[in-house]
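Trainee: Quick one: sequence plus predicted model below, questions after.
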Amino acid sequence: MSTKTVLNSSLFDSSNIESVRKQFNDAAPFRYIRLNDFLHSEFIDKLQQSLNDDITFQQKDCDLYRFLQSYELQQSEPQLTAIHDLIETLYSNQFRDVLHQITGIKVNQRPNLFASCYTDTSYLLCHDDQIEDRAIAFILYLVPS
């Protein structure tokens with residue numbers, strides 16, 4: 001699968017990369033970016049369908065959080081094409097290079113990916129999100145528009 005069928009091609013424009021890099025470097029109190037229209041809307045529909053139909057979620061619960069979480073998505077079956085296509089795209093050299101251009105951080109070839117489902121009783125308290133080998137954390141919100 002080509003990144004062009006999953007990601008919005010404007011993500012790779014040099015002017016966009018420079019704008020997002022500035023946003024990242026100027027952000028406070030911690031560095032972050034927000035990428036609007038990151039995925040093609042047609043792909044989002046397929047991804048949401050696959051997450052709803054093909055993924056099993058387990059309750060995760062402690063003092064910091066309560067929500068439903070999937071197994072590691074890298075372990076998903078290749079026939080779950082939308083999930084597989086997202087994983088391949090996020091692991092692609094092209095996408096990881098854009099992240100490096102924006103953040104200055106070299107991204108692992110195989111990051112950990114999970115899907116989480118938040119219901120009306122779910123919560124996630126403030127936390128530092130520091131894990132020994134994690135340089136970048138991201139959230140991809142898939143909510144009804």
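Mentor: That came through fine.

Trainee: all contacts plus neighbour counts: C-alpha atoms, from now on.
Mentor: Will do.

Trainee: Counting neighbours, what do you get for the spatially closest residue to residue 127 that is not a sequence neighbour?
Mentor: Computed as C-alpha to C-alpha, 6 or more residues apart in numbering, the closest residue to residue 127 that is not its neighbour in sequence is residue 64, at 7.8 Å. For residue 64, the count of nearby residues is 10 (other C-alpha atoms under 10 Å).

Trainee: same question, residue 56
Mentor: For residue 56, using other C-alpha under 10 Å, the count is 12.

Trainee: ditto for the one 5 residues further on
Mentor: For residue 61, the count of nearby residues is 13 (other C-alpha under 10 Å).

Trainee: which phi and psi does it have?
Mentor: With angles defined as degrees, to the nearest 10, residue 61 sits at phi -150, psi 130.

Trainee: distance of it from residue 141?
Mentor: 20 Å (C-alpha to C-alpha, to the nearest Å).

Trainee: right, and residue 43 touches residue 5 too?
Mentor: Yes. Using C-alpha atoms under 8 Å, residue 43 is in contact with residue 5, at 7.5 Å.

Trainee: Would you mind listing the buried residues in the worst-scoring helix or strand of the chain on mean pLDDT?
Mentor: Taking mean pLDDT, DSSP states H and E as the measure, the chain has helix 3-6 as its least confident helix or strand, at a mean of 79. Residues 3, 6 are the ones in helix 3-6 that count as buried (16 or more other C-alpha atoms under 10 Å).
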